[in-house]
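Chemist: Attaching a predicted model along with its sequence, questions to come.
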Amino acid sequence: MLKTTPFHERTAALCASYAWRRWAGYVVASSYELSHEREYHAIRGSAALFDVSPLYKYRVRGKDAARLLDLVVTRSIHELKVGQVAYTPWCDAAGKVLDDGTVARLAENDFRITAAEPNLRWLQDNAMELEVEIEDVSESLAALSLQGPASRAVLGDIELKYFRLAHRQLGGIPVAISRTGYTGDLGYEIWVSPEDALALWDYLIEAGTPYGIVPAGMLALDMARIEAGLMLIEVDYVPAHKALIDSQTSSPYELDLGWTVNLKKERFVGREALALEASRGPQWQFVGLEIDWPSLESLYAEVGLATRLPAAAWRTSVPIYAGNEQAGYATSGGWSPLLKKYIALAHLRSRYTAPGTQLDIEVTVEHRRKRAAARVVKKPFFDPERKRA
Amino acid sequence: MPKHDAIVIGGGHNGLVCAAYLARAGRKVLVLERRERIGGAAVTEEVFPGFRFSVFSYVVSLLRPEIIRELELPRHGLHILPLESTLTPLPGGDYLAQWNDHDQNRRELARHSLRDAEAYDEFGLMLHQMARAVKPLLAMAPPDPASLSLRELGGLGRLGRYFRSLSKAHFNRLMKLLTMSSADFLDEWFETEALKATKSASGIIGTLAGPRSPGTAYVLLHHYMGELDGVFRAWGFARGGNGSVSAAIAAAARAAGAEIRCSAPVQNVVLRRGSARGVVLENGEEIEAKLVVSGADPRRTFLQLVGEKHLPAEFIESIRRFRFRGASAKVNLALGELPDLTCLPGRGPHLRGAISISPSVAYLERAYDDAKYGEPSREPYMDIVIPSLLDPQMAPPGKHVMSIFVQYAPYQVNGGWTDARRETLGETVVNTLSQYAPNLKKAILYRQVLTPADIERTVGLTEGNIFQGELTLQQMFFLRPVPAWAKYRTPLAGLYQCGAGTHPGGGVMGASGRNAALQILGRA
Amino acid sequence: MNRAIIIGGGVDALVAAQVLTRAGREVMVIESESAEPDDGWVPPWVLRELRIDDLHLEWPDPWLVIPLPDGGRLELWRDMARSAESIRRLSPRDAEHWPAFCERMARLARFLEAVYAAAPPDPLSPGFALRARRLGRQGLADLLRLLPMPVADLLDDWFETDALKGALGAAGILHLLQGPRSGGTAFRLLHHHISCPPGVFRPPRSNIRGLLRRLPRVELQGTEVLHILVRAGAVAGVVLKDGRELAAPVVVSSADPRRNLLELVEPGWLDPELARALRHVRRRGVAARLRLELDRSPGFSALALAPSLDYLERAYDDAKHGRLSRQPYVEVRCDERHRVEAVVQYTPYGVDCRDLSEKVIALLAEHWGDAQPQQAELSAPHELEKFEGWPEGQPHHAELALDQALWMRPLPELAHYRTPIEGLWLCGPAMHPGAGIAGASGLNCAHAILGR
């Protein structure tokens, strides 16, 4: 049997599509309605509510808590203020990314780190000689993500800066709210004890209904995160501990996360390898691609069809070419209903990554492999001011 | 001119594989099997009316994929059904299950240890890499490390280059794996006793050694080497029992023109001017052939079928030192109903997988302690499957067969194996198992107990060793069975070996038979 | 700066100190007062380098006495023929095999000795393969077969006398949490045979302690190191227990590698995977040490209570399950002043050792006639850890098992004396060849530092 989240009683009742998927051993809704379209538009137009309880969460406490996190992750943690949150990857000694997540400083010596993969063993092994206590709170902390332009209003016009965290009460329920998310929009993540989960859900639905809140599933989220240029583990990169061969691994530089690597820190896992890579420059980079509409249209026109677009975001590896050479591969992509563009996230050899570089992407048109023109563009594809404002 | 190009002594799976490859290359091959049926230790027999058992070997996983492919075994009737899980019942009423599904498995392991649940994936990845590193060696005829011939030096050079081609980290890990004990090796990964014990049990299967004895980690890897449909680590059950594996290989051999004769025990190999020229059967019939391939184990081949006077003294000394020490027994039960496990009552999916009685490493070591001093384990390690749940034709409707691999039951038991000892062993097995499945005793309709002595007598495996010789580092690769004679050849021209007593040996693998055939055909 | 700091006062540390001093380094040795260099075998190539030519090796003769159940004794002498005579009383067949066995073991030990004279070999190098092939067909086959073998199997191949097999088998398990039926123990028989002439299977005593004291002085600091300082991935010096900080670009440590890299160095400098591997280096002490004085000669100078392989195996069975051996293997030496030192195995780390002293004395009393013991002092493994600096009471710092030997000693990543921290070097019993081959790892380490 798969696990269900603390919100399952509510989400199951709403899941008219019966479309579920697995996430970290839990079942979560792919979409609630028969099509995920309305859920997607809620993210960009009103407010969407996601159950993100399956995230792995660890509480790190003690005298050396900041020291441990500074040893593990690439960003500088001791500089983080109480109530501040930082997004960061962490690496193995070869400087290859193991996972990425957020670190929140709850108190001077008290942190919470979220992760996409189990990381208890890695944290413990790095903490062996330190005074720090690590607790896996994945199951003792439920989480909802409220995203979209109306999300602030739903939370009663809460004042919380981008990447900050505060402890509040919502309808009398004690919660922690962080201004974070996976949509690239204005949004919040709300952390709650599992006993209060259903009450919190009910509260938010009630408070959100006047603002058009819509419970949303993973399909809508997937498209939004691509628009935001946010990568997904095991889709856009293989965590180093799961790679069968070295070439499957990626460094933060290769994932466009160079800004998270603080080489001024005297030591952290992977520092030596990353310093070397920083001086040489990465061989690969992770970029945005925009597929040229006329080019795509003409491929379909050749066989007498109108252009067909993917109904949802795809997550397969697709070759990208520069002339006859393979420049790299795209790992996620889809039609952005908001931008009216066909976009993709791709790993390209560094020489092909200048914005504006013209490339080709493989598309299968009526059972035949063709190439459509594509152009390297800056990420994120969609970056509204309200995200940070 | 002899009528046959080659005679293969023994219709076990390796003999049949060898015969099939020789026949496919156009050779006229005759397989001579002592028993009334082919298969050696891979047989299915209706031991009790309506109840069919894989009497000796009982699962498939090590059978080389290239053999399945090249001999087109599925076309000849091979159908492998997946074994989905391993359940380790624990004395306190709890259990540890390992499931095929990643999430289900992780969740179950996390119940025992979050760290172990995390380590499990990396452990699997590491073993996958190690199995990949060792795989090319399985199909290799080991070169002679002391020879000065160009051919052998070339072979050694290739071997060296292969190892150098591995990453340093992989090479080092492989070296550790070769030299460590499975318990120490697993200690580096896990903390849950039942998990370590169940995994380390694959390191002791068939060998008179405990999980703490160095050298057992490699055997663990050896058991991980099984590839089913390209998936490492998967175990399966042959539809119709393991006899159907032999039958499929035999069908492939016959289709290629090989002749297979049962009830044709070989008395000895006929030698003329130092070369093997055929065999004499126990009934006096002499059959000539250009060459003879023995699928029997090294001791039987050289000391019985050939005779020591025809062989160099050091060679004979080495053969005498080749160790067998069978350590396992088999108990086959016909059941009127399914066992009801205290830890997981009812007919759940766990019964479709393996059930492993291996609650802790200390339990396995205690079981070994008894055997060291010549006694069967008072509480043995057991690996149990219920094939009738996967393949209903194995038992009458509603009834079941249970196959129990039992260790340790040393061949050299104090006072020797007697009927009384055999029955005591059967009782020990049933009593031990009843602690976990209280309804077992009343469910048993019939019981078959096979001691190492029975295994030796029935299928001719010396001392009942299921690998035709201990699978230990000092009896492996270049050294299997004897240094300088690890390439399936023997000091006698025209006489070859193709049994599991040669590299890589062990399990229903078939690699020895295939490698031997390729050597004979000059293609390796 | 030209300074090199050496941590530890064992033979390896002192040898490294000497070699570096002679190469013109300013050497400081830091050792705690209690440590005393042992007095065992030092290989000739180390002595040559230190220009010591008067090392005196001493074996008792007979080198071992094994009491027999019927009250008799099996005596093994330096003279092979004389041993054979003693064996013949028990088994003419074994007596006949003795010289051939001794010769074959000596040949393999010579090979190992040559391997030990340098940094660990690359097992895949053609040079190593060629050297092994020079053993010839039989020697090579013996080597390949013997290394991974249980010492019990090796001895069963050759002999039938329980006492003889017990005496030899004990050499395969001394200071190891394995029994004679465990794989890899035959290799240890060879390892400890290196220091011996053919036919002798116990290491000698020597006057190395005195000789080392005679060598040119290096600056000695009678204190302990609290931390090894690391800056930007390179060693910067050490902090002493008394608070002093000594700067140095080179630090050589003969402390056990786990303690060294995980406790003395601040966390975070090592690859977590390497740290994990270090934590799994096995270093379990299994023997207690009993020292006492007798008022007269006990009638032997070296005695082993190891009547059979089964006896040893049963002693191990207890230890394997975390208990004191009910019937321990005891190896005793007595000097000319009747000072007795006994190794009592298996005494797992942390077990209750009350009454063990009395028990062992009672076992031994049967063999020393009327002699009366005085001042008996038993040190359990945790006491040896405290007083001798042996981690978990393990004198080899890392158990000598095949997977922790040669190019894997103590870990493949550390086998070449170098650590991932620039300027921090390792020597001592945990480093190749280590484990009773005193001085060799110190020499190899110093050579590596000097780039020789």
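Modeler: Right, received. Where do you want to start? Numbers count the residues shown, from 1 in each chain, chains lettered A, B, ... in the order given.
Chemist: near chain A, which residues of chain B show up?
Modeler: Counting by C-beta under 8 Å from any C-beta of the partner chain, chain B comes close to chain A at B:103-104, B:106-107, B:114-115, B:117-119, B:121-122, B:125, B:128-129. Quick note: C-beta positions are derived from backbone N, CA and C, even for glycine.
Chemist: Show me which of the residues you listed are buried.
Modeler: When those are checked for burial by 16 or more other C-beta atoms under 10 Å in any protein chain shown, the buried set is B:D103, B:Q104, B:R106, B:R107, B:L114, B:R115, B:A117, B:E118, B:A119, B:D121, B:Q129.
Chemist: May I ask which two of the residues of chain B next to chain A are separated the most?
Modeler: By the measure C-beta to C-beta, B:R107 and B:Q129 form the most distant pair in those, at 25.4 Å.
Chemist: coming back round to it: compile the residues of chain B next to chain A into TSV and extend it with columns for distance to C:P121, secondary structure and pLDDT.
Modeler: Converted to TSV, the residues of chain B next to chain A look like this (distance: C-beta to C-beta, whole Å; DSSP: H, G, I helix; E, B strand; the rest coil; pLDDT from 0 to 100):
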residue	distance to C:P121	secondary structure	pLDDT
B:D103	46	helix	93
B:Q104	47	helix	93
B:R106	42	helix	94
B:R107	47	helix	94
B:L114	41	helix	95
B:R115	36	helix	95
B:A117	40	helix	96
B:E118	37	helix	94
B:A119	32	helix	95
B:D121	35	helix	92
B:E122	30	helix	92
B:L125	30	helix	89
B:H128	30	helix	86
B:Q129	25	helix	87
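Chemist: Let's test this: name the helix or strand in chain C with the lowest mean pLDDT.
Modeler: Least confident helix or strand of chain C, by mean pLDDT, DSSP states H and E, is strand C:219-221 with a mean of 71.
Chemist: Would you mind writing the CA trace of the helix or strand that comes right after it as CSV?
Modeler: For strand C:219-221, the following helix or strand on the C-terminal side (DSSP states H and E) is strand C:225-231. Extracted in CSV, the C-alpha atoms of strand C:225-231 (Å, rounded to 0.1, in the frame of the first residue of the first chain):
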residue,chain,number,x,y,z
VAL,C,225,48.5,16.5,20.3
LEU,C,226,45.0,17.9,20.7
HIS,C,227,44.4,18.9,17.1
ILE,C,228,46.0,18.9,13.8
LEU,C,229,45.5,22.3,12.2
VAL,C,230,44.3,22.6,8.7
ARG,C,231,44.2,25.7,6.6
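Chemist: What pLDDT is listed against the closest residue to chain A within the stretch 251-400 of chain C?
Modeler: For the stretch 251-400 of chain C, the residue closest to chain A is C:D271, as judged by C-beta to the nearest C-beta, at 3.6 Å. pLDDT recorded at C:D271 is 92.
Chemist: Hmm, it is touching C:P420, no?
Modeler: Yes: contact criterion C-beta atoms under 8 Å: C:D271 and C:P420 qualify, at 6.7 Å.
Chemist: Give the residue spans of the stretch 51-200 of chain B that score low on pLDDT.
Modeler: Applying pLDDT under 70 to the stretch 51-200 of chain B picks out no residues at all.
Chemist: Mind checking what helix or strand follows the least confident helix or strand in chain B by mean pLDDT in sequence?
Modeler: Here the helix or strand of chain B ranked lowest by mean pLDDT, DSSP H and E is strand B:231-232, holding a mean of 50. Downstream of strand B:231-232, the first helix or strand assigned by DSSP H and E is strand B:236-238.
Chemist: Beyond that following strand, next helix or strand please.
Modeler: Counting by DSSP H and E, the next helix or strand C-terminal to strand B:236-238 is helix B:243-255.
Chemist: and the nearest residue to B:E470 once chain neighbours are set aside, what is it in contact with?
Modeler: Once flanking residues are discounted, B:E470 sits nearest to B:R323: 4.8 Å by C-beta to C-beta, 6 or more residues apart in numbering or on different chains. For B:R323, the contact set (C-beta atoms under 8 Å, 6 or more residues apart in numbering or on different chains) comprises B:G469, B:E470, B:T472, B:Q475, C:D153.
Chemist: Quick check: chain neighbours aside, which residue is closest to the third one?
Modeler: What it means is B:T472. Leaving aside its chain neighbours, B:T472 sits nearest to B:G215 (5.2 Å; criterion: C-beta to C-beta, 6+ apart).
Chemist: All good on my end, thank you.
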